[in-house]
Each structure stands twice: as C-alpha cells, then as structure tokens.
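A.B. asks: Need the 3D shape of this:
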Amino acid sequence: MKLVSLILAAGEASRFGSIKQLALIQGQPMLNRVIEQHRGAGLEKVVVVLGANAELIKQQIDPSVDVVTAQNWRLGMGESIRAGVDFILHQRYPDASHIMIALADQIAVESLQIATLYKHIIHNSESIIASEYAGNVGVPACFPKRIFSDLLNLNSSNSDLQKGAKSILRANQQNLIKVKVPEAQFDIDTIEDMRRWRNSFTG
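C.D. replies: Numbering: from 1, shown residues only. A predicted model of the protein is given here:
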C-alpha cells in the first residue's frame, strides 16, 4: 500500500484578511502545522496544492513537501483535486494505491484523527474512508486507486469543481465507510474562526 496525502491550500481566503495558509498557529504557519500532523500520523508522502499567493507561500512552508500549483484554482476545490491527483499519478507517485485528501484550514484535525482514518484504510483497502462530522461526510477522506479516474474527471458542468469530492462520496455510498471526526467541522475562514478554535481546542 502506498498512501499519499494531498493537502488542498489553493484558495485566496479573502475573508481572512491576509494569507491564511501562513497565519501563525502555535508559532508556525498554518499549512506547516497541517503537514506536520500528517507526518505525525505516519504519512510521509505529502503533496500540497497551491494557487493564490503560491510563490509567497512556497518560500515559507516545509521545503521537503511536493508542491503543485493549480493554474485554474479560482474554479474551486475540484480543480485543486484534479491538479493534485494528476501530479501524483503522472509525475511523482505513479504507483500510489490511495490518496488522502485534506484541507489546509482544518487545523483541529491532528495526527490522532489522521492515524485513525489510516487504520481503517489498512483493513478496508477498496473502500472510501471519509470523515463524519456535524451531520456531514467529507474530508479528510481517503480514496482507493479505483476512484482515481473519478477524481481526475470532476465535472465543472454540475458544480463539482466548487464542491470538490462530495459528488464522488455521494455516488459511492455502497463502498463508503464513515469515521467520526468531529474536529473536521472546524475550518478557518476568518480571524474570528481562529479565536473560536483557540478557545475550543487549546484552552
């Protein structure tokens, strides 16, 4: 099994007021913290998708990760997924068996939760493993090789590019394992979200 983490960090984050991916979390850029959590869970192969402010972000994040820039990042999350999966399969890790898709702003998701998802993959290698939180099912989620073509062909005509992989999760209910990850409901869109996270998770 070769699992690759694909961290989506391409958005402009206009509501945040600055470059969100570089906002300091416990003394390090938010994106670096997310990368660290994946590696702490034993996932050494990490690919980051950038878009807005890509060059500035590259200068300040962990230089050991693979970085791909989604040229059409403005089209939405699905475009970032397509760019990242294409890079993994055709340039960096053509023998990947699974891809775990995660967001750079889900900062409450830590190594423990990522490792839990990973364990489910080991025992259910042909299933999609997705996080369940606040009545939703979404990322972090792990997709087996048989789903890679679907990720590469997200269809802009039905808003898949904006919604990312949700349509794929809906279409694969029979082979979907939900893992409770309540921490995944916290994503950071504004400075107030950051304060709320600190109050909830860091005391």
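A.B. asks: CA only for contacts and neighbour counts going forward, please
C.D. replies: Will do.
A.B. asks: Helices along this protein, start to end?
C.D. replies: For the chain, the helices defined by DSSP state H cover 30-40, 54-58, 77-87, 111-123, 148-152, 160-163, 166-171, 191-201.
A.B. asks: Lys180 is nearest to which of the ones you listed?
C.D. replies: helix 111-123 (9.0 Å; C-alpha to C-alpha).
A.B. asks: can you tell me how far Ile35 sits from Asp105?
C.D. replies: Plainly put, Ile35 is 11 Å away from Asp105 if you go by C-alpha to C-alpha, to the nearest Å.
A.B. asks: list the contacts for Gln21?
C.D. replies: Residues near Gln21 by C-alpha atoms under 8 Å, 6 or more residues apart in numbering: Ala9, Pro29, Met30, Leu31, Ile57, Ala104, Asp105.
A.B. asks: possible to save those as TSV with distance to Ala23, pLDDT and neighbour count?
C.D. replies: Conversion of the contacts of Gln21 to TSV gives the following (distance: C-alpha to C-alpha, whole Å; pLDDT from 0 to 100; neighbours: other C-alpha atoms under 10 Å):
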residue	distance to Ala23	pLDDT	neighbour count
Ala9	13	96	26
Pro29	5	94	19
Met30	6	93	23
Leu31	8	96	27
Ile57	11	96	19
Ala104	11	95	24
Asp105	10	93	23
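A.B. asks: Would you mind putting those into JSON lines with distance to Val181 alongside?
C.D. replies: Output for the contacts of Gln21, formatted as JSON lines (distance: C-alpha to C-alpha, whole Å):
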{"residue": "Ala9", "distance to Val181": "20"}
{"residue": "Pro29", "distance to Val181": "23"}
{"residue": "Met30", "distance to Val181": "20"}
{"residue": "Leu31", "distance to Val181": "20"}
{"residue": "Ile57", "distance to Val181": "28"}
{"residue": "Ala104", "distance to Val181": "16"}
{"residue": "Asp105", "distance to Val181": "15"}
